[in-house]
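Colleague: got a sequence here, can you build the structure:
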Amino acid sequence: MFQESKTPILDKNDQLEVYVVGYENAGESIIISIKNKFVGVIDCYKTDRFFQTVEILNSLEVTHFDFICWSHTDEDHTKGLSELLGNVKSSTHFIQPSGITFKEIKGETKTAKEHKSECEHIFTFLEENKVKCQQVHANEFTSLSYSFNVSGSSEPLTITIESFAPIGEISKRFSKRSIMDILSRKEKTRDKPNYHSVGLKIIVKHTAIPITICLTSDLDNYTIRRMHPMALKKNFTDNVIFKIPHHGSLNSNLLLENNLIHTFEHAVSTSYKISNLPNRKLLSDYKNIYQNGTLSTTCEKNNQEEFGIVKYNMPLINFDRNSITVDYFGDAGEFNY
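Modeller: Predicted structure coming up:
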């Protein structure tokens, strides 16, 4: 547990903003902000034409990050992340998967040269700047806590970030297999970055009704199947905002099959066109769970633009579930059957 200090005083009119960024073919990035008073980035991506993560951060006049989460090493969650490191401060929490190192990137022959270079830059930065930021190796029990004073209120506002994946069993299993391969002089076991993907539950609380946001990155059935039933219920039921895992892939459909997603106010999926994601039938199944919930995608307008952004706005003080508004930019829009 880490405790952040010397944070700015929040105004009663400040809003929590959540930006979910996706691109036409691939790519995912999420920004959470309270103006520039509290800023977190989960993953990053850019294309030759667009770098929407930086565009949004510049519009917010961001000069520091409270946290960065690099959920896993796949290119569509990584490209451009090294360019954000200039705003990492000593108080920044840099969240990364437990059990993954640069050797996994070097050993992956299918990884593009540019992607290898990006990952090497990030790992080198982390290795050479151990005191420049607070490195967090996330597993299913990792928790961060931030506390803010609120102008005109005696009650502090708290932001808690809890990771529910990767789970230690998986990291341990692959570490053991790698050791056995070395001892037997076999070719190294090919690990899958999705197995180490960091999942985050973010809880913002000032009054009796908390804002609960579940960010699943590329969580897939392999991990879902190995999660404790109590953890599944705690993290996946009754969220205000739910990021559909793995770009709406059937490889993550166990959340639906096990009836874990009972309600949500807002759900959102990014895209991965090369695999025809998000799967429209899966999205329909999500929508059928809660007819009054809003389901959005970053690619709902037939690729008129190269990117899509779903932006959620909600008051921090006197929050209720009906107070969330949604804005769409680029190709983003509400899901239509």
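
Colleague: and the pLDDT at His228?
Modeller: Per-residue pLDDT puts His228 at 91.

Colleague: so where's the stretch 101-250 of the chain shaky on pLDDT?
Modeller: 101-111, 130-131, 172-191 (pLDDT under 70).

Colleague: tell me what whichever helix or strand Ile202 is part of is packed against?
Modeller: Using DSSP states H and E, Ile202 sits within strand 199-205. Packing partners of strand 199-205 (3 or more CB pairs under 8 Å, 6 or more residues apart in numbering; DSSP states H and E): strand 157-165, strand 211-215, helix 229-236. (Glycine included, C-beta is placed from N, CA and C.)

Colleague: let me know the angle separating that strand from strand 157-165.
Modeller: Computed with axes from the mean of the first three to the mean of the last three CA atoms, to 10 degrees, the direction of strand 199-205 lies at 160 degrees from that of strand 157-165.

Colleague: got a list of what Val18 touches?
Modeller: Ile30, Ile31, Ile32, Ile213, Ile241, Lys311, Tyr312 (CB atoms under 8 Å, 6 or more residues apart in numbering).

Colleague: the fourth one: neighbour count?
Modeller: The reference is to Ile213. Ile213 is flanked by 23 other residues according to other CB atoms under 10 Å.

Colleague: same thing with Phe125?
Modeller: Neighbour count of Phe125, defined by other CB under 10 Å: 16.

Colleague: measure Leu200 to Ile32 for me?
Modeller: To Ile32, Leu200 is 10 Å away according to CB to CB, to the nearest Å.

Colleague: cool, Tyr272 as well?
Modeller: Tyr272 is 22 Å from Ile32, by CB to CB.

Colleague: likewise for Cys119?
Modeller: 24 Å.

Colleague: what of Ile309?
Modeller: Ile309 is 14 Å from Ile32, by CB to CB.

Colleague: again, but for Asn318
Modeller: In terms of CB to CB, Asn318 sits 20 Å off from Ile32.

Colleague: so which of these two has more stuff around it?
Modeller: More crowded of Asn318 and Ile32, by other CB under 10 Å: Ile32, with 24 against 10.

Colleague: using the three-state scheme, assign the more buried one.
Modeller: With DSSP: H, G, I helix; E, B strand; the rest coil as the basis, the three-state label of Ile32 is strand.

Colleague: can you report how many residues lie near the residue nearest to it when sequence neighbours are not counted?
Modeller: Of all residues not flanking Ile32 in the chain, Gly40 sits nearest, at 4.5 Å (CB to CB, 6 or more residues apart in numbering). By other CB under 10 Å, the residues close to Gly40 number 24.

Colleague: other SSEs contacting the strand or helix carrying Gly40?
Modeller: Assigned by DSSP H and E, Gly40 falls within strand 38-42. Applying 3+ CB pairs under 8 Å, 6+ apart, one finds that strand 38-42 makes contact with strand 28-34, helix 52-59, strand 67-69.

Colleague: turn the ones you listed into TSV, including distance to Glu334 and mean pLDDT.
Modeller: TSV is the format used below for the helices and strands packed on strand 38-42 (distance: least, CB to CB, whole Å; pLDDT from 0 to 100):
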stretch	distance to Glu334	mean pLDDT
strand 28-34	18	98
helix 52-59	19	98
strand 67-69	27	97
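
Colleague: indicate which one of the ones you listed is closest to Leu10.
Modeller: Evaluated with CB to CB, the helices and strands packed on strand 38-42 place strand 28-34 nearest to Leu10, the distance being 6.5 Å.

Colleague: paired strands for the closest one, with orientation please.
Modeller: strand 15-23 (antiparallel), strand 38-42 (antiparallel) (DSSP bridges).

Colleague: what average pLDDT does the first one get?
Modeller: Right, strand 15-23. 97.

Colleague: got it, and the shortest one?
Modeller: Strand 38-42 shows a mean pLDDT of 97 in the predicted model.

Colleague: could you give the angle of it to helix 52-59?
Modeller: Using the same axes, to 10 degrees: strand 38-42 against helix 52-59 is 170 degrees.

Colleague: off-centre distance for strand 38-42?
Modeller: 10 Å (CA atoms, centre = their mean, to the nearest Å).

Colleague: show me the contacts for the residue nearest to Ile32.
Modeller: Ile31, Ile32, Ser33, Phe65, Asp66, Phe67, Ile68, Cys69, Ile161.

Colleague: what about the closest residue to the first one other than its chain neighbours, neighbour count?
Modeller: Read that as Ile31. In space, and not counting its chain neighbours, Ile31 is closest to Tyr19: 4.2 Å by CB to CB, 6+ apart. For Tyr19, the neighbour count with other CB under 10 Å is 21.

Colleague: give me every residue that touches Tyr19.
Modeller: Ile30, Ile31, Ile32, Ser33, Ile56, Ile309, Val310, Lys311, Tyr312.
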